[in-house]
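Novice: Fold the following and give me the result.
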Amino acid sequence: MWSYQTPAERGTILQVTSRPAAAQRLSDLAVLRRVRDRIDREYAQPLDVEALARGAHMSAGHLSREFKLAYGESPYGYLMTRRIERAMALLRCGELSVTEVCFAVGCSSLGTFSTRFTELVGVPPSVYRRQAVRATAGMPPCVAKQVTRPIRNREAPATEPQLA
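Specialist: Here you go, the predicted model:
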């Protein structure tokens with residue numbers, strides 16, 4: 001018959017971390033910032049939460065929960081916001097078609113891209129292109145980027161996490 005033995009009964013020594021909670025939280029925030037930086041750098045690459053989690057040595061669920069707690073949106077939501085932000089800049093330039101912009105920012109489906117774009121910006125990409133050309137005419141690109149930056153979750157806390 002099978003019986004359960006506790007680690008102490010088996011003679012196993014349990015490792016207990018003596019790290020203070022604040023130090024652990026700082027370490028976790030540093031990992032989350034590296035994940036966010038990777039999304040910012042590689043937004044046009046095929047990224048998914050599992051790949052990001054593997055790079056951070058976490059489970060996908062844990063990464064998603066911690067990222068949302070720190071930044072107010074999921075890693076996928078943040079990735080899509082960056083992609084749409086870059087798409088907005090490309091559409092303002094007017095040199096690429098909507099389909100070309102979709103693939104240039106890392107989206108693999110024009111339908112999903114258009115849906116997310118409309119959800120975040122409020123108008124479809126083709127309408128945005130027409131409106132943005134007039135609205136940002138004569139504006140330096142750095143100012144246009146800041147003024148037209150999409151905000152997915154307006155109720156979210158500041159983009160920089162705070163120590164608890």
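Novice: where in this protein is pLDDT low?
Specialist: Within the chain, the segments meeting pLDDT under 70 span 1-19, 135-137, 145, 147-164.
Novice: from what I can see Y78 touches D37, true?
Specialist: No - look at Y78 against D37 with Cβ atoms under 8 Å: they stay out of range, at 11.2 Å. To be clear about C-beta, it is placed using only N, CA and C from the backbone, and glycine gets the same treatment.
Novice: more neighbours, the two?
Specialist: Neighbours per residue (other Cβ atoms under 10 Å) separate Y78 from D37, with Y78 holding more: 23 against 10.
Novice: Which residue is the nearest non-sequential neighbour of the more buried one?
Specialist: Spatially, and ignoring its direct neighbours in sequence, Y78 is nearest to I39 (5.8 Å; Cβ to Cβ, 6 or more residues apart in numbering).
Novice: I'd like the next helix or strand past the longest helix belonging to the chain.
Specialist: Taking DSSP state H as the criterion, the chain has its longest helix at helix 21-42. Next helix or strand after helix 21-42 toward the C-terminus (DSSP states H and E): helix 49-56.
Novice: what residues does that next one touch?
Specialist: 31-32, 34-35, 38-39, 59-60, 62-64, 74-76 (Cβ atoms under 8 Å, 6 or more residues apart in numbering).
Novice: Which phi and psi values does the spatially most central residue of the chain adopt?
Specialist: With distances taken as Cα atoms, centre = their mean, Y78 lies nearest the centre of the chain, 2.4 Å away. As for Y78, its main-chain torsions (degrees, to the nearest 10) stand at phi -60, psi -40.
Novice: who are the neighbours in contact with it?
Specialist: Neighbours of Y78 in contact, by Cβ under 8 Å, 6+ apart: 36, 39, 67, 71.
Novice: Highest neighbour count among the residues you listed?
Specialist: Top of the contacts of Y78 by neighbour count (other Cβ under 10 Å): F67, with 27 neighbours.
Novice: so it touches S74, yeah?
Specialist: Yes - using Cβ under 8 Å, F67 and S74 qualify as a contacting pair, with a distance of 6.4 Å.
Novice: what angle sits between the strand or helix carrying L69 and helix 21-42?
Specialist: Using DSSP H and E, L69 sits within helix 60-71. Note on geometry: by axes from the mean of the first three to the mean of the last three Cα atoms, to 10 degrees, helix 60-71 and helix 21-42 are set 100 degrees apart in direction.
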